[in-house]
Structures are given as structure tokens and as C-alpha cells.
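> Give the three-dimensional model of this entry:
(2 chains)
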Amino acid sequence: MFGLGTTNSLTMDKPHPSSLLDTGVQGAISRPFDRVDGPKKVSGAATYAAEYEFDNLAYGFLVSARIGAGKVVSIDADAVRSLPGVIDVVWDFKRFIRVAGQGGETKAPTQGVQEIAFSGEIIAIVVAESYEAARDAALQLPVTYEAGQGVFDLAVNRDEAYTPPDLVTPGHFAQGDVDKAMAEAPVSIDVTYTTPSQNSAAMEPHASTAVWEEDGSLTLYGAYQMPTSDASQLAKSLGLSAKKVRIVSRYIGGGFGSKLGIAPESVAAAIAAKQVGRPVKAVMARQQVFEATVRRSNTEQRLRLAANADGRLAAIGQESYVSNQPGEDYFEPVGIGTHMLYAGENRLISHLQIPVNYVLSGSMRAPGEAVGMIGLECAMDELAERLGMDPVALRKLNDASIDPEKGVPFSSRSLTAALDEGARRFGWKERPVARRDGEWLVGMGMASAVRGNMLMESSAKVEIHPDGSATVSSAMTDIGTGSYTILAQIASEILGIPVARITLELGDTNAPPAAGSGGSWGAGSSGSAVYLACEMLKDKLAKAMDVEADALTLKDGMAIGANRSVSIGELAGEGLEATGHIKPGKQEKETTQASFGAHFAEVGVNMVTGEIRVRRMLGVFAAGRVLNAKTARSQCLGGMTFGIGAALTEELYHDTRNGKLVNHDLAEYHVPVNADVPQLEVHFLQERDIHANPIHAKGIGELGISGAAAAVANAVYNATGVRVREFPITLDKLLAGLPDMK
Amino acid sequence: MKSFIYEKADTPEAAVRDIATDGARFIAGGTNLLDLMKLQVETPAKLVDISRLDLATIDDAEDGGLLIGAMVPNSDLAADPRVIANYEVLSRALLAGASGQLRNKASTGGNLLQRTRCYYFYDLASRCNKRSPGSGCDAIGGINRILAVLGTSEHCIATHPSDMAVAMRALDATIVTLKADGDRRRIPIHDFYRLPGDTPHIETVLERGELITHIALPKPPSGRQSYRKVRDRASYAFALVSVAGIIGMESGRIANASLAFGGLGPMPWRDPAVEAALIGQAPTIDAFAAAADALVADAKGHGSNDFKLPLARRTLIAVLRDLTGA
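Residues are numbered from 1 along each chain as shown, chains lettered A, B, ... in the order given. Coordinates of the predicted model:
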């Protein structure tokens, strides 16, 4: 797959101390460029999955199961076939996928929809001449079910919990003896935190338009974060060779993990398109996005922290219950950040999975850290109080100089610097004790931030055209993060071609394969692929110029060397191209790689009602090289906003009687609105990571959420003296602890 | 969405004539009805569009009050200088509702007729006596965080979602209608809504085809006014509890009190006992507490909405403190 000619390949087996991004003189890298795709998006010219138009296009609407467990006995398609505009009712009990795919998987997601494993499972698709006609028929379609036994209450199946197979995070990890350390420690904390199921709630619903070509291949215009592996999932689901499936995802209206793998609408659209012999567009209704794609698992986390009298951690325990559908082994890796955040000899980080008949659990922005750091960082706040220590000081004291479990160095780690800088900028020293502002109790809280860094095999092609412009193409995606822009900046910096003269072609599996967007690896992985392609092109330009590459300066479309200045287009002759290819290597094991930071929050809590309003937040982050100061900041702002939601408002309600997901729309699943998001400040520390990749950048998309909710929660405690351990912290949980009103 | 016939009415008289077929419904802003139609919670066979009727003005009434056309957008009503000056509680309630875009579109008459936001009402796969009479109520024994604690029945515990209507109730508004037979009537808001009982699908006393043309406000009440809304996020969320309050003081005692509540009942709630506990009293915490106790005396939580009882008490006491300066 990756074996192309004119390819510059790099496996990260060794550090990469030099970077052409430091020697380039174009001045493109790190600058706060506006998004190159911005004008298209705001003018409606960017085409999203649900917006492709074809002659003879038919519209599909998915049919959702109305029971929570059991099986489909029959579907009375004839009852709706005669409705105006209806073309057909299509189902395939074997091939329809029951659940969404997990990120990066290349096999088919669990298939088979005669068996109902959860309320809202997609069992069929109605195809019609209009969306409205399809929806009408889908809602009226008579389906006969045979109800089965489901488990809808986590408490019921608690005893069935099992240790899931290892993912990136082990299901179970133990080092030393936490029980003993807890018994012997002068100061300890043993508390349980819970977080609810959550939904990514991306603005764009999942959508697929399936077009069968004459040669029997399929083109699917979808909204997917990882087209390369998603094409494989789709091909396997349909029983096709991967070569026969092309996925196009040029613009994606947010994913946050929910679009890492394929979702049920893709297979349904493809099968329906084949059956009716027309292109079929299937857009999930918002309720279906909630009910039938993916949730972040609920968690129950027992945190045990043992400390010496001086605050040094002797033990860290984080034992979690999470949940997923029976037979699905993905588990929410709650302890993922806990492995590397603090030193401490005795460690127990474990997960138990409870099988439950709810919608699949999978990745949502910062799987693991986003919820795991709520437990850990709130428990650290509790420990600091018990020790009589400042929470910032406690964290600095326990900053790990090497990986506390693997014994290897960190590739780069600026936790203490972030804590210090954050405390200074936020005015942490003035943290109030029982401060009041009219009816509002005011408090401040903080938390550390950590998010593991990943490098994923990716490739990209860069071409220089005779007119001096360039094209970058890759199956990488831009899910609203800024991929288009930063990849252009990398190419611009190295090739000396202005960003405005670089065309990006992303989101198409016809382009060189890439890992796509997920796990905050997109910039580092695809950015490195572009880097490597440009490195080779620079060599080619040097050769054409007959100078050493080191002696060649590329700037503003000109190649300068050996006292000559030639236009890059002229040097390129009939055009030059190169493919860059990056792969993770030994550096991944020889160093532990993560981005670090610190969150600070100030909140007001209304003394009468318990309403919480975040007043200001600061995040200080170190994530290696910042490729674009504006898009990087926006990523962090978005992450911090997710943190506000996780702390205060976001919760999926599962009806424990029948497994129904009760608040399946944006009116009742409360993501923060503008009025909930106050002044947010983001500050980046200067850092380079030579172990991560040749561009020296680490992941940033999920760093902003990791720890953010805990900072808000700790501020609520500081304001009220009420410690809520059941998230989200809604006003009803504070009422009993607020001052009496008579 | 089911197919439907669409007609546009040019006059109120034409509108009530056009509506006289089975399954016909008026549509004004459509901010609620269209959502319900997409989900097939509502399946009208015909829509009579009344949004262009000449009912979008706010006029001074002879009794010193205001006559508000049913088609006045919520945004316009909230921004009217007379409303801001004399009916502050109404302006504040309107601005506490929905979002800017929705308020621009939503009409005054339609706002009164919003359907409940009960999760189960919106979901065809759930039982709901309001949507499908006789099918049962999944909200009882289910998730009912946002549902009612007052005025409920064993058949329905839905809340009325409007903020505006709560203020209207505190202001003793009158709903002016045109009936299919050409008669007009004036319905005090006190008599406009119905408790669910065993017919929760019938929410008001409006007859079939009866059109709201105006809402009449009496002359401005004396005293101070406020609207306080408590919700799960700072905007774009329905009230968990809201209080519309008007309190007039004379010689250090409460002379007049009008208090209406949102988020608690199947209709904008008002309880004479709450006001009786205050009138003639000095503005003390004891008097406020007595009023708050009266409010929740018959209230009953259903599990996840139990917190509304203490929340309603606390919010009412705080509103009374603000309005009396105590």
C-alpha cells in the first residue's frame, strides 16, 4: 500500500534532531494563518457528505428499532411501498452493521441486525424520491419484534464485569502493592467518582451518499475521519475487495471520535444503492446519531491516593468500571493518563467492563483522559486539602522525571513549567477562600493536563507544477481542525512557495493513504508525511540547481543558491513530485510521549439555585512545535469547552427499564452554549519534540479537554465546600449543601 | 413528515373558515409544530398559515392596557418600549426563552400553545397519553428531571415549557379569540389552560378551529416586577423552575402580590394560597417561607425531579427578597 516510487520514507527509530521547519525562511510555519478552507465553509461552497448531488439521486431514511433487546420477526414493506414517492424498503439482516466501527479497525464492525442489541439499532432503510417521503415511510413502517431479555441497568450486570483485552492501555495494570501503601501512608484518599455516558454531538450528522460505478466499484461520499481504514471496514462489510471502495470525505463538520469508524448509514446506503440501481443518500436524523452511532462510556472510578506527610505519592490506584455492548471489547481507557502523569511506586490501574444493551461505546475526544482525569485530578485536589498543601505545589512535587512504570524518559515534558506559568498568569496566589459576589460564591480550581502522543503510518504526495504552484494530496482529513492549513504551511515553509499557491487535496482514498484524523495524531503524522515529501523535493530542486540541499534557500517562489536565483517553477521543469511516508518506530518504546499542560478555572455558584457559571479559564499547554498559532489555539478552546460540558451539563440519560436513550437531541443533551463559555485564555509554552517526528510537534486536539472538567469541578468545591463526585455537577447536586434560606 | 395541504389565510375570518376540515392546524412561526411534524408526533392533514395575518401590532387599549396581536414576534414584544417600561416581567420572560433566532420567528399566540418538552412525548417508541391517549405514561417511573411536580395526574406529568406564558399568567392576561362561527371571546388566562386529568391531550379550552387573535394585558400593575429562570445551562434550555413576580408595597407591607411559576406544572402555575400568605405581611423571611411552603404544599416529585421542590422554594424566596428589598 505504501510502496510507491519517488518515496521518502522514515521510520521513527531514532530522534530527528534537525528539522527543515527550523531552517526554512518562508516564515509560514507557526504563523496564525486563517484557515485556507474558511472562505469556502462560510460561503457554503465546501461540499459536505449530505450535499453531493447526482442525477437520479434517491434519498434513504434509516429505520430504527423500537425495542431494546430481542429480534426482528418481520418487516411489512408492502405497507409503505405504495406511499407517494417511496421506491423501496431495503434491509439485509446479515450485512447491515449493528454498530459503528472503532477507529483504525480494518475489519467489518459487528454485523447482523435481525438481533436487536440496543434501542435504536438500525434495521432497514427506506428509499424514496425525497427525504421527506423516505422519512414518512420509515416512521410508518410496520415492524414486528420478538422482545428479548436485555440488560438496561448497569447495577444489574455489575457482577458480570470482566477485564477487557488490552488496547493502547492495558485492561489491568499493577505495580507494587497499593493496599499496603494505603494502609501505611500517613495521608490517603479513597473516593469514587462517576461520569455519565456522553455523545460527541458533532454539528454535522453522519451522512453517506453511495454511488456504484459501472465497474462494480463503490464510491461513498461520507463524513469520516479515517477514510483509509474506513474504506477497508466498508469493503469488508459489503464483501468487496478494499480496492473496490473509494471514500471521499473532503469536509467533515466535526467528528470528535464519532466518525472514526464507519456508521450504519454507510452500509445501508451502499446496499440500498445497489438494490435500487441509483445513487442513495442517507443522512442520519439527530436522534439516530445519538442512538445508533457511538457514545463515550459512563465510568465509575475508585481513586486511591496514598501520600507521605510531605505530599509525595506512595500509591496511585484508579480502578474503573466502564460499559459496552456484549461482545464488544473496546473499553473506555479511563486510566490512560494516570499511567504517566505522576510518580509513585505502587500503582494499580484497572478496568472492568460491564456488558449492557446500550449504544456502542467507543472513542470520544480524548478517550480515557477526558473522564479519567476527572477522577484523578479531583482526587488530587482532595488529597491536597487533606495534606494542607497548595494543589499546584502537590502536582509539582509529584511531577515524574521518567515514566514511572516503564522507566524510560519522556520525549519532552513541560508539566511543571505549565503549572508555574499558569499559576502566574491566572493569579492563583490570590485564590479566594469563601469569596462572595452578591448572590454568587466564587472559587478557583486547577488541574494538570496530559494527553498521550501518537504517530500513525501516513503518506502524502506533493507536486510542484511548472508555474511554481504546488499540490499536496493525501487521504488525510480535516474535521474542522485546520489540517488543510497546517499542511499547506509545512509545505510552504520547506518549499518556499507561498501558502496561497498551494492546493490541498484531502479526504479521498484515491490519494496516498493516511491515518486520518483521530487521537490528536493527524498533524504529527500527516504533517511528517508532507515534510518528507517536501524534503525530497527540496533535494530534487537542489539537484536541478546543482547545489547541495543545505546550500539552497527556497523563499517566495524562488530558489537561491550558489549566487543564483531561479524561480522554483522553472527548476521544476515539467513538474516534480514526491511522496512522503512516515511510520512509528523504536522511539515509541524508547521514550514515553505525551503533551502536557495545566488548567485553571474560576467559577461562580449561585447561593440560591446552585447554578454554576464558569467565569474564566486558562489553559497553558506544551505540545511541541505549534504549527499554526490560531488553529492550535482554537483546538484548545474547543477542548476546554468540552471540559465545561463534561463538568456541568453533558449526560446521556439511559432509561433503565428498556434501554432507551431518552435525551437524544440537542435540546435536551446539553452541550455548552455560548453563554456558558466565558473568557477562555490559551497560552503555549515553547517546546520541540525531536523524538515524536521530524516536525517536532505533538498532538494538541485532545489536550485541551484533558483535565479541564476537573479544574472546573475543583473550582466549584473551592467556591462552595461541596464535593460532588457524580458528574455532571448539576445544580440539584449542590442544593443541599448551599446556605439555608429557611 | 407526512404530506399535508398548505393554505395561506389572508384574514382571520378566512383562517377560521379554512381550518374547518379534519386534522387541520394553524401554523404561525412553526418553531414547535414543524419539529413535531418531522417526528410525526403531530400529523396534521392541512396547515393553515396565519403568519401573514394583520395581527402583528401592539396597540394601546382603552383600559390603559395593551392589545398584543397574536402574530407579534417574541423578539418584537420583548423590545417594545411600553412592555419594557410597564410589563418588565414579560420582556424578561421572553428574553429568557429559546434563542435569538427562535424568538424572531415565534409568535405571541403560538408561544401560549407550545407543547410540552417531555422526552417521551417526542419519542414515538415510548408510551405517552398526551401524544396517544390511553397508551400510558413512560415519564412516570422514567427520567423526569424536567417534568412537573404540581397539577399532575396519574396519566401525565408533563410541564408547559413557555416562559412568556408564565409572565402572562402573573399579569392576568386575557386571550382574545375568533371562533369558527364568527363569535369572539375573551378568555382570562386563568381559565385558558386545563389540567391533564385523564385527558392530557387536551391542553386548553380552545375549541376546534378557534383562533387566538390577540392577547390583552390589563393596565400595568403597581409594584416591582421580575422574572427569574433557573435552568441547566445559561441559554437555550427550558426552565427547571421559573418565577414571574409582581409585588407592590404600601406602608412597609405587601399590598399586592402576583406570582406565577414555570417548570413546575402542566400550565403556567399560579396558586392563590401563595399570594394570600404574603398580602398584608411585612416582607420578612418568615412570610416568604410561608409563601414558599404554600407553593410546594401539594407538590410531588417523581424521582429525578424531586429537587424541584427545594429549588422552587429557594427561588421564590430569593425573588421575594429582591422584589421587596428585604
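
> what's the weakest-modelled helix or strand in chain A?
Of the helices and strands making up chain A, the lowest-confidence element is strand A:435-437, at a mean of 93, by mean pLDDT, DSSP states H and E.

> What is the neighbour count of residue 107?
Just going to use chain A. A count of nearby residues for A:Lys107, using other C-beta atoms under 10 Å in any protein chain shown, gives 12. In short, each C-beta sits where N, CA and C put it, glycine included.

> meant chain B, my bad for not saying
Summarising burial for B:Ser107: neighbours were counted as other C-beta under 10 Å, giving 28.

> Up against chain A, what does the stretch 1-150 of chain B have?
Residues of the stretch 1-150 of chain B lying close to chain A by C-beta under 8 Å from any C-beta of the partner chain are B:1-3, B:38-40, B:117, B:119-120, B:122-126, B:138, B:141-143, B:145-146.

> out of those residues, which are buried?
Burial by neighbour count, 16 or more other C-beta atoms under 10 Å in any protein chain shown: within those this picks out B:1-2, B:39-40, B:117, B:119-120, B:122-126, B:138, B:142-143, B:145-146.

> Secondary structure of A:Asp22: a strand, I assume?
No. A:Asp22 sits outside any strand when classified using DSSP: H, G, I helix; E, B strand; the rest coil, being helix.

> how near is it to A:His16?
Distance, A:Asp22 to A:His16, using C-beta to C-beta, to the nearest Å: 11 Å.

> between those two, who's got more neighbours?
When A:Asp22 and A:His16 are compared for neighbours, A:His16 comes out ahead with 19 against 13, by other C-beta under 10 Å.

> quick check, that one in a helix?
No. A:His16 is assigned coil when assessed by three-state DSSP, not a helix.

> okay, now the residue nearest to A:Ser232 when sequence neighbours are not counted: neighbour count?
Spatial nearest neighbour of A:Ser232, chain neighbours left out: A:Thr106 (4.1 Å); criterion: C-beta to C-beta, 6 or more residues apart in numbering or on different chains. A:Thr106 is flanked by 14 other residues according to other C-beta under 10 Å.

> helix, strand or coil for A:Thr106?
Here A:Thr106 takes the coil state, with states given by three-state DSSP.

> Next up, the contacts around it.
Contact analysis of A:Thr106 by C-beta atoms under 8 Å, 6 or more residues apart in numbering or on different chains lists A:Ser229, A:Ser232, A:Gln233, A:Lys236.

> And the pLDDT at it?
Taken from the predicted model, the pLDDT recorded for A:Thr106 is 96.

> quick one: pLDDT of residue 194?
Using chain A. pLDDT, the model's per-residue confidence, is 98 for A:Thr194.

> wait, chain B
98.

> Kindly report the residues of the stretch 351-500 of chain A close to chain B.
The stretch 351-500 of chain A has residues A:Glu439 near chain B, with proximity defined as C-beta under 8 Å from any C-beta.

> In the stretch 351-500 of chain A, which residue sits closest to chain B?
The stretch 351-500 of chain A approaches chain B most closely through A:Glu439 (7.3 Å), counting by C-beta to the nearest C-beta.

> do the same with the stretch 51-200 of chain A
Proximity to chain B, evaluated over the stretch 51-200 of chain A using C-beta to the nearest C-beta, is greatest for A:Arg66 at 3.8 Å.

> now check stretch A:68-81, is it near chain B?
No. Using C-beta under 8 Å from any C-beta, stretch A:68-81 never reaches chain B; the gap is at least 9.5 Å.

> returning to that earlier point: list the ones among the contacts of A:Thr106 that fall in helices.
A:Ser229, A:Ser232, A:Gln233, A:Lys236 (DSSP state H).

> domains for chain A, by residue range?
For chain A, the structural domains run A:7-30+A:456-584, A:50-150+A:203-254+A:259-292, A:299-454+A:590-737, going by automatic domain parsing.

> Phi and psi next, for the spatially most central residue of chain A.
What sits nearest the mean C-alpha location of chain A, by C-alpha atoms, centre = their mean, is A:Arg365, with 3.4 Å. In terms of degrees, to the nearest 10, the main-chain angles of A:Arg365 are phi -20, psi 120.

> Can you check the pLDDT for it?
The per-residue pLDDT of A:Arg365 was computed as 98.

> ok, now how distant is the nearest residue to it once chain neighbours are set aside from chain B?
In space, not counting the residues next to it along the chain, A:Arg365 is nearest to A:Phe256; the distance is 4.4 Å by C-beta to C-beta, 6+ apart. Applying C-beta to the nearest C-beta, to the nearest Å, the value for A:Phe256 to chain B is 19 Å.

> list the contacts for A:Phe256?
A:Ser200, A:Ala201, A:Ala202, A:Met364, A:Arg365, A:Phe642.

> Can you report how many residues lie near B:Ser153?
Close neighbours of B:Ser153, defined as other C-beta under 10 Å, add up to 17.

> Surely it touches B:Pro196?
Yes. Taking contact to mean C-beta atoms under 8 Å, the distance of 4.7 Å between B:Ser153 and B:Pro196 places them in contact.

> For B:Pro272, the count of nearby residues, please.
Neighbours of B:Pro272 under the rule other C-beta under 10 Å: 9.

> okay, it: pLDDT?
Turning to B:Pro272, the model gives it a pLDDT of 98.

> All the helices of the stretch 1-150 of chain A, in order from the start?
Listed in chain order, the helices found in the stretch 1-150 of chain A under DSSP state H, counting those that start in this stretch are A:20-23, A:38-43, A:78-81, A:131-140.

> okay if I get those helices as TSV plus mean pLDDT and distance to A:Gly561?
Compiled in TSV, the helices of the stretch 1-150 of chain A are given as follows (pLDDT from 0 to 100; distance: least, C-beta to C-beta, whole Å):
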stretch	mean pLDDT	distance to A:Gly561
helix A:20-23	97	13
helix A:38-43	96	35
helix A:78-81	97	71
helix A:131-140	96	59
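
> These into CSV, with extra columns for distance to A:Thr592?
Rendered in CSV, the data for these read as follows (distance: least, C-beta to C-beta, whole Å):
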stretch, distance to A:Thr592
helix A:20-23, 24
helix A:38-43, 36
helix A:78-81, 57
helix A:131-140, 49
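
> if you compare the ones you listed, which one is most tucked away?
For the helices of the stretch 1-150 of chain A, the stretch with the most neighbours on average is helix A:131-140, a mean of 22; neighbours defined as mean count of other C-beta atoms under 10 Å in any protein chain shown.

> Point out the other helices and strands that it packs with.
strand A:58-64, helix A:78-81, strand A:86-90, strand A:122-128 (3 or more C-beta pairs under 8 Å, 6 or more residues apart in numbering or on different chains; DSSP states H and E).

> ok and the last one relative to strand A:86-90, angle-wise?
On the basis of axes from the mean of the first three to the mean of the last three C-alpha atoms, to 10 degrees, strand A:122-128 is oriented at 160 degrees to strand A:86-90.

> tell me what strand A:122-128 is packed against?
Contact analysis of strand A:122-128 by 3+ C-beta pairs under 8 Å, 6+ apart lists strand A:58-64, strand A:70-75, strand A:86-90, helix A:131-140, helix A:264-276, strand A:280-283 as its packing neighbours.

> How is B:Ile247 assigned, secondary-structure-wise?
Counting by three-state DSSP, the three-state call for B:Ile247 is strand.

> which residues touch it?
In this structure, B:Ile247 makes contact with B:Gly223, B:Arg224, B:Ile254, B:Asn256, B:Ala257, B:Ser258, B:Leu278, B:Leu320, B:Leu323, B:Thr324, judged by C-beta under 8 Å, 6+ apart.
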